[in-house]
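Trainee: Show me the folded form of this:
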Amino acid sequence: MNDKYYRCRLGEYECVSLCDGSVDYPVESFFANVPVEQAQEALRQRGLPVEHITTPYTYLYVDTGEHRLLVDMGAGDLRPTTGNLVQSMRAAGIDPAEIDAVAITHAHPDHVGGTLDEQGEPIYANAHYFISKVEWDFWCSEDAEAQVPPHFVTFARTNLEPLRERVTLLEEEGEILPGVGVLLCPGHTPGHMAVSISSGGERLLYIGDTVLYPLHLEHPDWLPVYDVLPDPAAQSKQRIFDRVAEEGCWVMGQHFPPFPSLGLVVKRGQGWRWQPVAAI
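Mentor: Below is the predicted model:
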């Protein structure tokens, strides 16, 4: 499988998973309320390394015929192993200048780090942007300064401000483009949202960070460190994943291994199981 992009059809639409890179995280940084040894044992049982958790940084491009949409903009130079999104686009034959819409699930560094070029101008110069109003307002507020690390706040403000004149602030769920809708999933951040793509009776849901890693699906009570509002995050996870498991729609999780981070989710007990496309 190509490690830069993965192309698939969804009804009449062309969808492309795009790889920005990958990052190794300390195991303890992914689980707020679980002993490291317990998480490591779960990794060991799945044949995965126990010294760290490796996650891809995966983003979604959709050509609807009428619009060319990008969901989230990569991490930029956040890590030495990230910043490959534009190169992956070009490898897939996608011209960033033709992207006319960008949906931002939330403003964490690995989702807006690739917003600007070296001159501080938007890379997707011909795009209109969509983000939750709650999300935008949060990062501009004193609440953000009190609830998240200072460099997260600086990062968000630096990358969002140049978009001010070309952004729609969304106040409710619904369609933002023909065949493209948003679901509000607060918790990971206060205004976090997922993006739904529908065509020809098929649906794909880009979940952003509604869930960070498949073990959080299998063990719903294992809480991620990075959720700003843990209780709303747990409620969003329950609502979204019960729905996608019932519908059987495709799911793309930004941090879900392996790349292309695409698969199905099935209900199992109180949780769910991730079935990546390579295993289906």
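Trainee: Can you point out the buried residues in the strand or helix carrying residue 38?
Mentor: Take DSSP states H and E as the rule and residue 38 turns out to sit in helix 36-45. Using 16 or more other CB atoms under 10 Å as the test for burial, helix 36-45 gives 39, 40, 42, 43. Where C-beta positions appear, they are placed from N, C-alpha and C, glycine not excepted.
Trainee: can you pull the contacts of the first one?
Mentor: With contact set as CB atoms under 8 Å, 6 or more residues apart in numbering, residue 39 has these partners: 27, 28, 30, 31, 215, 222.
Trainee: Name the next helix or strand following the helix holding residue 38 along the chain.
Mentor: The helix or strand immediately downstream of helix 36-45 is strand 53-63, counting by DSSP H and E.
Trainee: Which neighbouring elements make contact with that following strand?
Mentor: Here strand 53-63 touches strand 13-25, strand 68-71, strand 193-199, going by 3 or more CB pairs under 8 Å, 6 or more residues apart in numbering; DSSP states H and E.
Trainee: Now with 6 Å, please.
Mentor: strand 13-25, strand 68-71 (3 or more CB pairs under 6 Å, 6 or more residues apart in numbering; DSSP states H and E).
Trainee: next one: it to chain centre, how far?
Mentor: Relative to the centre of its chain, strand 53-63 is centred 7 Å away, using CA atoms, centre = their mean, to the nearest Å.
Trainee: Please report the distance of residue 252 from residue 115.
Mentor: Between residue 252 and residue 115 the computed distance is 20 Å (CB to CB, to the nearest Å).
Trainee: oh, I was asking about residue 143
Mentor: 22 Å.
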